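Undergrad: Pasting a predicted model and its sequence here:
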2 protein chains.
Amino acid sequence: MSRKSKGINAERELIHKFWSLPDWAAVRIAGSGSMKYPSSDLIAANRGRILAIECKTCKENSKYIPEEDIGQLRQFAQLFKAEPWIAVRFAANDWYFMMPEDLERTGKNFLITTDSARSKGILFEELTKEGLSSPC
Amino acid sequence: MSRKSKGINAERELIHKFWSLPDWAAVRIAGSGSMKYPSSDLIAANRGRILAIECKTCKENSKYIPEEDIGQLRQFAQLFKAEPWIAVRFAANDWYFMMPEDLERTGKNFLITTDSARSKGILFEELTKEGLSSPC
């Protein structure tokens, strides 16, 4: 399976998780990695909150994300009045959801490690629970 | 060019129109016609309004839309607190934007004609102008 296909499958997995909850909807954005406009990979909503989500999966224990990707996520989220989130999954671990301000900067990139995801990220159940205050 | 490709090109054309305006963003939703979940073809936003848009193009002078499509558009729009719109373009005419309640029902379908689009629809410039009150 190509890297792109794996990425799409991971995004679809998250889409199904949102739809499995009452009152949550989620969609994948077409061409999010190739269009010239800022975008996220997914958008999810529940009649109140809107989440713009960038998805990252990784076999290793750390993932570098170009600062441009995070800048575009923030810009896109602002236009949709959405909360910007980075969803990350290392190998067979759970998905962790991190806010841009919780990413560690290293030069022109941001770095997420399994440790930082576990210590600063939240799980899907926490992300979608009622009453979570928006981090925007 | 396949019918699907023509549809995607028409959607991309609208995406570019939104991004050409200051403060508007728009994205195409992946698999909107094939996923099992309700969806629209596009979502657009401008830091305040969110539009869920179903796109229809047609060579003839009339277009039937299954009521299920409109039901799904409404359902999806509610979850995103978005305004539901149907964008329709007949042959080389302009895009007209219609609200679900302005469509004419004929049995299990809704019908849009060039005449009804012109009389009840609004143009892109009207749709995106500041101060348009939400029809929700």
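TA: All right, it came through fine.

Undergrad: Give me the helices and strands touching the helix ranked longest in chain A, please.
TA: Selection of the longest helix in chain A by residue count, based on DSSP state H, yields helix A:3-19. Applying 3 or more CB pairs under 8 Å, 6 or more residues apart in numbering or on different chains; DSSP states H and E, one finds that helix A:3-19 contacts strand A:25-28, strand A:42-45, strand A:50-58. Where you see a C-beta, it was placed from the backbone N, CA and C, and this is true even at glycine.

Undergrad: Same list, those strands, but as JSON lines with mean pLDDT, distance to residue B:79 and mean neighbour count please.
TA: Output for the helices and strands packed on helix A:3-19, formatted as JSON lines (pLDDT from 0 to 100; distance: least, CB to CB, whole Å; neighbours: other CB atoms under 10 Å in any protein chain shown):
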{"stretch": "strand A:25-28", "mean pLDDT": "96", "distance to residue B:79": "4", "mean neighbour count": "24"}
{"stretch": "strand A:42-45", "mean pLDDT": "97", "distance to residue B:79": "5", "mean neighbour count": "25"}
{"stretch": "strand A:50-58", "mean pLDDT": "95", "distance to residue B:79": "10", "mean neighbour count": "22"}
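
Undergrad: To residue A:65, which of the ones you listed lies closest?
TA: Closest approach to residue A:65 among the helices and strands packed on helix A:3-19 (CB to CB): strand A:50-58, 6.5 Å.

Undergrad: that older thread, which parts of the longest helix of chain A are buried?
TA: The neighbour-count check on helix A:3-19 (16 or more other CB atoms under 10 Å in any protein chain shown) flags A:7-8, A:10-12, A:14-15, A:17-19 as buried.

Undergrad: repeat for stretch A:87-106
TA: Neighbour counts over stretch A:87-106 (16+ other CB under 10 Å) mark A:87-90, A:95-98, A:100, A:102-103 as buried.

Undergrad: near chain B, which residues of chain A show up?
TA: Proximity of chain A to chain B, by CB under 8 Å from any CB of the partner chain, involves residues A:15, A:19, A:23-25, A:27-32, A:35, A:37-39, A:43, A:45-48, A:50, A:76, A:78-81.

Undergrad: Quick check: which ranges of chain A have low pLDDT?
TA: A:1, A:3-4, A:32-34, A:131-136 (pLDDT under 70).

Undergrad: show me what contacts residue A:67?
TA: The contact partners of residue A:67, by CB atoms under 8 Å, 6 or more residues apart in numbering or on different chains, come to A:105, A:108-110.

Undergrad: Quick check: bridge partners of residue A:51?
TA: With DSSP bridges as the criterion, residue A:51 is bridged to residue A:44, residue A:83.

Undergrad: Farthest-apart pair in the buried residues of stretch A:87-106, please.
TA: Taking CB to CB, no two of the buried residues of stretch A:87-106 sit farther apart than A:90 and A:100, at 18.6 Å.

Undergrad: so who does residue A:10 touch?
TA: So residue A:10 contacts A:55, A:57, A:89 (CB under 8 Å, 6+ apart).

Undergrad: let's see 6 Å
TA: Residues in contact with residue A:10 (CB atoms under 6 Å, 6 or more residues apart in numbering or on different chains) are A:55, A:57.

Undergrad: returning to that earlier point: want to try a markdown table for the contacts of residue A:67, with distance to residue A:67 and secondary structure as columns?
TA: Converted to a markdown table, the contacts of residue A:67 look like this (distance: CB to CB, whole Å; DSSP: H, G, I helix; E, B strand; the rest coil):
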| residue | distance to residue A:67 | secondary structure |
| --- | --- | --- |
| A:105 | 7 | strand |
| A:108 | 6 | coil |
| A:109 | 6 | strand |
| A:110 | 6 | strand |
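
Undergrad: By neighbours, which of those residues wins?
TA: With neighbours taken as other CB atoms under 10 Å in any protein chain shown, the top of the contacts of residue A:67 is residue A:110, carrying 21 neighbours.

Undergrad: Could you check how far that one is from residue A:27?
TA: Counting by CB to CB, to the nearest Å, the separation of residue A:110 from residue A:27 is 25 Å.

Undergrad: wait, residue A:122 sits on residue A:98?
TA: No - in this structure, residue A:122 is not within contact of residue A:98 by CB atoms under 6 Å, at 7.9 Å.
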